[in-house]
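Engineer: What would the 3D arrangement of this be:
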Amino acid sequence: MRRRALADALIVARREAGMTQTELAEAAGLSRSAIARLETAAAGIASDSLWDICVALQIRPSAFFLLAEADEDVAETLGDV
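Structural biologist: Sure, this is the predicted structure:
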């Protein structure tokens, strides 16, 4: 799965939860800059950080990957147009 798709999934999930980057960072025990790096695809995500983010967002990790997969499918479809 591509880093950009995961970044986009994180943005969607955070916004759906009604959280700012700062609020998510505090809830997940990460820095706001770490969340920003993840959302810009400047950094990959470690499994323990992913778990903490999913707990903070109150979503299952599988839902996070489904969001990312859907984003990747949309990008592929748009590329075919």
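Engineer: quick one, what contacts the nearest residue to Pro61 once chain neighbours are set aside?
Structural biologist: Spatially, and ignoring its direct neighbours in sequence, Pro61 is nearest to Cys54 (4.9 Å; Cβ to Cβ, 6 or more residues apart in numbering). For glycine as for every other residue, the C-beta is placed from the backbone atoms N, C-alpha and C. Shown in contact with Cys54 (Cβ atoms under 8 Å, 6 or more residues apart in numbering): Arg60, Pro61, Ala63, Phe64.
Engineer: for the residue nearest the centre of the chain, helix, strand, or coil?
Structural biologist: In the chain, the centroid-proximal residue (Cα atoms, centre = their mean) is Leu10; its distance is 1.7 Å. When classified by DSSP: H, G, I helix; E, B strand; the rest coil, Leu10 comes out as helix.
Engineer: can you pull the contacts of it?
Structural biologist: Going by Cβ under 8 Å, 6+ apart, Leu10 touches Ile35, Leu38, Glu39, Ile45, Ile53, Phe64.
Engineer: Okay, helices next: where are they in this structure?
Structural biologist: Counting by DSSP state H, one finds helices in the chain at the ranges 3-16, 21-28, 32-39, 47-57, 61-80.
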